[in-house]
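K.L.:
Just to be clear, the model below is a prediction. Sequence and coordinates:
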Amino acid sequence: MSEMRDEMLRTLDRIVEDHVTTAMREAADEKGSGGASAGSNATAALWAALDEAGMTAIGGGGEDDVAFGDAMEIVRRAGYHALPVPLAETIIARRILGRVGIEAPAGALSIAVPGAGELPRETQGRLAGAARSVPYGRSVAHVVVASEGKLHLVAVSDAVAATGCNMAGEARDTLDLGRARVVATAANATAIADLEAEGALIRAVALSGALSAALDHSLTWANDRIQFGKPISKHQAVQHLMAQMAEEAAAGGAAADLAVEASEAAPDRLAIGIAKARTGEAAGKSANLAHAAFGAMGFTREHHLHYTTRRLWAWRNEFGSEVFWQAEIGRAVAQAGGARLWPMLTGHA
């Protein structure tokens, strides 16, 4: 780990310790706010602290920007802490804009991947159509949107048509693109595929962080919980649960690391697909194992575990579920032919 990366992660941990309380998490859950707006927003102080530390300016690709791997470690740690703010979305949106030469505005950003049959239409410099399940759509001022062969930065302050949340209480909103103002547009032949892949990448990386958090919560609980006169961690059945969780966290983390390494210059769909499929599979297994170790206490509001496991369940289906990406992996392998399978897996021509 580089010295800069280590310092950034320590800074993020300190911000979490200072600003992330149970009351703040509950308020963010209740309102689905989780953004960067001021006033009554439950997470405004948290976002201000991240902004002051420079975390929200990561990802633009300029001379003063951090390395891509370091930026993804911030995303991973944000996933570990289950931060109810669009930090990951802001980082990846800035990277996407920087790659096509659009200057990223200050503040929180998000990305909107077109759904099936909902490709935005462009007419005379305006967009039409809807963008659904946009992460933190109500809380950000700008969103990155893809249309056929183009990437757009749009201002969405007046474009929220409907609000909603995922099962983790994070805002997932519908935007009326006809009410959005196009700030900048750049040609990009693979805009839609790239936007989808970048979204899947940050979810895979965040999932790997959440998997580690679920494991840490469970290990702490198993060592602290006394049953039959000794910690439950001394029971072989519980040790087996912990070993299975550790396996899933390690496998998910390794897949995410490989995707980050392969996608430094541009998104590698095969590597990202493998990472998203593997972390999604691990999310389902680890959430079940964690709640088993807790004896289902994690389902209540009595422990912080549920902030993590609800994100595991929600994130596994965002930007493509494991089934979606497994099918894409299968198509890529079939199209390449059997002779190309080993080189594809190893990265050697």
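P.N.:
On my side now, so go ahead. Residues are numbered from 1 along each chain as shown.
K.L.:
thought D158 was touching R179?
P.N.:
Yes - D158 is within contact range of R179, at 5.5 Å (criterion: CB atoms under 8 Å). Heads up, the C-betas are built off the backbone N, CA and C, glycines and all.
K.L.:
quick one, which of those two is more surrounded?
P.N.:
R179 (17 against 10; other CB atoms under 10 Å).
K.L.:
sorry, back to before: common neighbours of D158 and R179, please.
P.N.:
With contacts taken as CB atoms under 8 Å, 6 or more residues apart in numbering, D158 and R179 have no neighbour in common.
K.L.:
Quick one: classify the nearest residue in space to M167 that is not next to it in sequence as helix, strand or coil.
P.N.:
Counting by CB to CB, 6 or more residues apart in numbering, M167 lies nearest to A314, which is 4.9 Å off, once chain neighbours are set aside. Using DSSP: H, G, I helix; E, B strand; the rest coil as the criterion, the local structure at A314 reads helix.
K.L.:
Give me the neighbour count for A314.
P.N.:
Counted with other CB under 10 Å, A314 comes out at 18.
K.L.:
can you check A243 too?
P.N.:
11.
K.L.:
Low-confidence stretches in the stretch 201-349 of the chain?
P.N.:
349 (pLDDT under 70).
K.L.:
Give the full set of residues in contact with the spatially most central residue of the chain.
P.N.:
With distances taken as CA atoms, centre = their mean, R203 lies nearest the centre of the chain, 3.3 Å away. By CB under 8 Å, 6+ apart, the residues touching R203 are 276, 279, 315-316, 318-319.
K.L.:
Which positions within whichever strand or helix holds it qualify as buried?
P.N.:
R203 is located in helix 191-224, with elements delineated by DSSP states H and E. Of the residues in helix 191-224, 191-192, 194-215, 217-218, 221-222 count as buried by neighbour count, 16 or more other CB atoms under 10 Å.
K.L.:
Identify the neighbouring strands of the helix or strand following it in the sheet and state each direction.
P.N.:
Proceeding N to C from helix 191-224, the next assigned helix or strand is strand 226-227, under DSSP H and E. Next to strand 226-227 in the sheet, as set by DSSP bridges, lie strand 230-231 (antiparallel).
K.L.:
After the helix or strand where H306 lies, which helix or strand is next? Please name it.
P.N.:
With secondary structure defined by DSSP H and E, H306 is part of helix 305-315. Using DSSP H and E, the helix or strand that follows helix 305-315 in sequence is helix 322-336.
K.L.:
Tell me which other helices or strands that following helix touches.
P.N.:
helix 269-293, helix 341-346 (3 or more CB pairs under 8 Å, 6 or more residues apart in numbering; DSSP states H and E).
K.L.:
Put the alpha carbons of the shortest one into CSV.
P.N.:
Coordinates of each C-alpha in helix 341-346 appear next as CSV, following Å, rounded to 0.1, in the frame of the first residue of the first chain:
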residue,chain,number,x,y,z
LEU,A,341,-10.3,-19.3,-23.3
TRP,A,342,-7.0,-19.8,-21.5
PRO,A,343,-5.5,-16.5,-22.9
MET,A,344,-8.7,-14.7,-21.9
LEU,A,345,-8.5,-15.9,-18.3
THR,A,346,-4.8,-15.3,-17.9
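K.L.:
Check the offset of it from the chain's centre.
P.N.:
27 Å (CA atoms, centre = their mean, to the nearest Å).
K.L.:
Quick one: list the elements packing against it.
P.N.:
Looks like helix 341-346 contacts helix 322-336 (3+ CB pairs under 8 Å, 6+ apart).
K.L.:
List the buried residues of the helix it packs on.
P.N.:
Quick answer for helix 322-336 (16+ other CB under 10 Å): 322, 324-326, 328-329.
K.L.:
Who are the contact partners of the residue nearest to M167?
P.N.:
166-168, 170.
K.L.:
Redo the buried residues of helix 322-336 as CSV? Include distance to H240.
P.N.:
Formatted as CSV, those follow (distance: CB to CB, whole Å):
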residue, distance to H240
E322, 24
F324, 31
W325, 29
Q326, 27
E328, 34
I329, 30
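K.L.:
of all those, which comes closest to I226?
P.N.:
E322 (37.3 Å; CB to CB).
K.L.:
close enough to count as contact, the closest one and K276?
P.N.:
Yes - shown here, E322 and K276 form a contact pair, counting by CB under 8 Å, at 6.8 Å.
K.L.:
Go through the contacts of R203 and name the one nearest H291.
P.N.:
Using CB to CB, the contacts of R203 come closest to H291 at R316, 15.4 Å.
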